[in-house]
Structures are given as structure tokens and as C-alpha cells.
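[1] got a predicted structure plus its sequence, pasted below:
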Amino acid sequence: MRKRVKQTIGRKQIIMANWRALADWIDILMPSIRIVAVGILMNVLVFHVNSVVIPVFSFRISAMAMRYIILGTHIVWIIWMANDEDDRGWLYELSRMMLASELVLFPYFVQRRFAAACIILAVYIFGGIALCIYGNLRFEQLYEAGRLPRSLLNGVIVPRRRRLRAGDIMRAALHRYVVIGGALILAVPAAAAVFAYGMDGAMEKGSLHAVVQEGEENRMLENLGAIRMLEDGRWDGLSVQEKIDILQIVADIETGHLNIVPVTVVNYHLEGTVFGSYDHKQRQVQIDMDKHEGYMSLEYVETILHECRHAFQHDCVDSLDWNDPEILNGIYYAEARQWRYENEHYILSSQDRDAYYNQEIEKDARRYSEEGLPIYDQYILLSNLPAR
């Protein structure tokens, strides 16, 4: 019996020694782990970032500026963590690793949920004020009683030749609150920005859809109520979401006419001088409503028609069997081959403006929108005729 007890004690000691050795290795590697984790988060964010617009203040941060903000914030964090080797507990370390990324994600939440963001910031600030009011008395009592946690004491910085004061503890506690409290309270907005709203620059999405029937006249007449809203006097009084909904109906009419799968119209913050774009992977017609501000309604419609034609071009190319010799060489498919080549080697206007305008897919899309625009102009006039 005694031998078994000794063996059991010996095994427990070995297990505890192994755990201590593992903990020592983690302590040694922790600075590197922190820096690598923050670096990975920085790289992920930099390659998925887009511009930010705070509609309440008409404030815009370009995608390039956001990349610099992300890089600068995370580099400062890496330097801070590399120069700070104090053990302040796992919760502090985890919070510190996440906080930099949460801070740069917060503007993406603000642009969607401004009121909620203000409430979150107010709770965070009032929490810090409450800590200052309550902590001055409470922390001194806990310190005198020897009940302050080691993770807090490790963060206390006292100048040489001076005794520890309550204010020193208060500063350390406030520092922990800023880091841990900030990471916890910003976790929900950061998760919402990534998983619910996205960082792709898309704001409002079309929520109304057209009644689409066979025949051009039927399609237009069935949606005459929406077309009526394109009259400039009515259009100017619509909100951004209402404008996107009307443009979604226009897009539905056009995709019905082109006999292709419907697309989604989104208000999207596009870079440079680009007003509209078509994203084939997401099947989105992206239109920058900020850049169109003050434009006539038909100029919006022209953009929608242009991008819907690009959707048609992509669908035509995708529908063909490119292993078929007839499609690869036949005269009948020459235009489709050109569309395929230009989609794969697309030239942006920012790269070469003349080459951009002379691409066949752009010529075709411009031709389509120019032919379709007068039809909408006629139906806008028709919709505003007084009833007999």
C-alpha cells in the first residue's frame, strides 16, 4: 500500500512539473505569440478593407487611408507588446491582442448603426468614470488588506524612491479597464462589422422588386408606379434606401428583358471616379450614391442599364462550352470570344482611359444604355399624365 501511495505521489509531481514546464515555455513564447497574432489580424484586415462613410457627418475615409490606419495601429500595437513583458493575466493579454483589430473595425459598425455605436461609447466612458470614482477608495482598502490581484499589481508603475500610492493602483486599474473593457465592449460591433454587415463597402441594398411579365410594354406598365418616382421632382425627395429600391425595380425590368438571373442593386462606396460597377461573383450592381448626389434620375438609370448589360455579357460567356471548336473558331461566336477575353483582361479607366472606353464590352454596354434610356423617359412622362 505504501509503495502505491509513493508511486501516485510521484506521478502527480511529474504531471505538475510537466505543466509548470509547459507554462514556462508559454511565458517565454508569449511575446512572439502576441506579435504573430496581431500581425495575422493586420494582414487579414488590410486585404479585405474598403472605404468608410459616416452618413450623419458626410465623412468619408478612403480604402487606401483605412489601409494606412490599419497598418499604423497594428504596428504601434506590436511595438507596445514587444516592449511590455509584464505578466498581467491571460484575459489582459487576449484583450490586448484583439483590441487593435476591434478599433479599426469599429468605423464599419458606426457607418451602419450610428445610434448603437454612440450608446456603446457612452457606456464605455461612463464605466471608466465610475471606476475612477469608486476605485480611489476601494483599491487603497484592498491594497492595505493584501487582497489586490497579482495581475493588477504587475501593472503598477512606481517611480524610484517613492512609496506606492493609491493613485498608482488607480492608474493601473484604469489601464486594465481601457484594454479589457474596450476589447469586451467592442467585440460585438467588430463581429457585426465582419459577419453581419461586411467590410466590402456596401451600404443599402435593394429590397423592392419589379413585377416582370412577358413583353416590354407589360413590364413597364406593371411597374409604372415605381417609374413615376423617377420624375426629378419626386426623385429628389427620396431617401437613399428608397432610391436604391426604385433602381432595384429598374434592374429587375432590365434583367427580365435580357432574360438573365436578377441582380441585386447596392449602394457601394467605389474608389476613384467610378460611379457604378458590376460584381459578377456577388451578382451585384454597385452604384456609389454619394458620387451621384445632385444628378438627375435618368443618370442613375443609365448606370443601372449599363451594369445590367455587363451582367448579360458575363452570363453569355458563362453559358457557352469553351471546349467546343465551333465556339472557339466560329464567326457567329466572335463577339462572345471578345467579351470573354476582355472580361479576363479588363482595363480600368484609372489604368488607361482611352483603352477602357474602346473595349467592346464597354461600347456594347454604352450602346445598350443609350438605346434604353429614352424608353424610361417616355414612360416617366406617361406616368405623370393626368387621369381622364
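    Arrived safely.
[2] can you list the low-confidence ranges for the stretch 51-200 of the chain?
    55, 58, 84-89, 135-169, 198-200 (pLDDT under 70).
[3] and W235, how close does it get to N267?
    15 Å (C-beta to C-beta, to the nearest Å). Every C-beta, even on glycine, is put in place using the N, C-alpha and C of the backbone.
[4] which one's more surrounded, the two?
    N267 (22 against 19; other C-beta atoms under 10 Å).
[5] for the stretch 251-388 of the chain, what are the low-confidence residue spans?
    292-293, 385-388.
[6] can you give me the strands for it?
    264-268, 276-279, 284-287 (DSSP state E, counting those that start in this stretch).
[7] packing partners for the second one?
    If I follow you right, that is strand 276-279. Here strand 276-279 is seen to pack against strand 284-287, helix 297-319 when contacts are counted using 3 or more C-beta pairs under 8 Å, 6 or more residues apart in numbering; DSSP states H and E.
[8] of the ones you listed, which stretch is the most buried?
    Per-stretch averages of neighbours, counted by mean count of other C-beta atoms under 10 Å, single out strand 284-287 among those, with a mean of 25.
[9] packing partners for that strand?
    Judged by 3+ C-beta pairs under 8 Å, 6+ apart, strand 284-287 is in contact with helix 240-258, strand 264-268, strand 276-279, helix 297-319.
[10] turn these into a markdown table, including distance to I185.
    Formatted as a markdown table, the helices and strands packed on strand 284-287 follow (distance: least, C-beta to C-beta, whole Å):
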| stretch | distance to I185 |
| --- | --- |
| helix 240-258 | 29 |
| strand 264-268 | 29 |
| strand 276-279 | 34 |
| helix 297-319 | 39 |
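[11] need the pLDDT of N18.
    pLDDT, N18: 67.
[12] mind listing what's buried in stretch 326-343?
    333, 336-340, 342-343 (16 or more other C-beta atoms under 10 Å).
[13] count the residues that sit near the residue lying closest to M229 once chain neighbours are set aside.
    Closest residue in space to M229, ignoring its immediate chain neighbours: I246 at 5.2 Å, by C-beta to C-beta, 6 or more residues apart in numbering. The number of residues packed near I246 is 28, by other C-beta under 10 Å.
[14] residues contacting I246?
    For I246, the contact set (C-beta atoms under 8 Å, 6 or more residues apart in numbering) comprises 208, 226, 229-230, 235, 238.
[15] now the residues you listed: which count as buried?
    Using 16+ other C-beta under 10 Å, the buried ones in those are 226, 229-230, 235.
[16] now the residues you listed in CSV, with distance to L131 and pLDDT?
    Below are the buried ones among the contacts of I246 laid out as CSV (distance: C-beta to C-beta, whole Å; pLDDT from 0 to 100):
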residue, distance to L131, pLDDT
A226, 54, 88
M229, 53, 90
L230, 55, 90
W235, 51, 89
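[17] out of the helices and strands packed on strand 276-279, which is closest to V194?
    Closest to V194 of these, according to C-beta to C-beta: strand 284-287, at 18.7 Å.
[18] that closest one: partners in the sheet, and parallel or antiparallel?
    strand 264-268 (parallel), strand 276-279 (antiparallel) (DSSP bridges).
[19] verify the stated contact: S95 with A187.
    No. Counting by C-beta atoms under 8 Å, S95 does not reach A187; the two are 9.2 Å apart.
[20] of the two, who's got more company?
    Using other C-beta under 10 Å as the criterion, S95 and A187 rank with S95 on top: 22 against 15.
[21] could you find the closest non-adjacent residue to the more buried one?
    That would be A183: by C-beta to C-beta, 6+ apart, it lies 3.5 Å from S95.
[22] mind checking the backbone torsions on that neighbour?
    phi -60, psi -40 (degrees, to the nearest 10).
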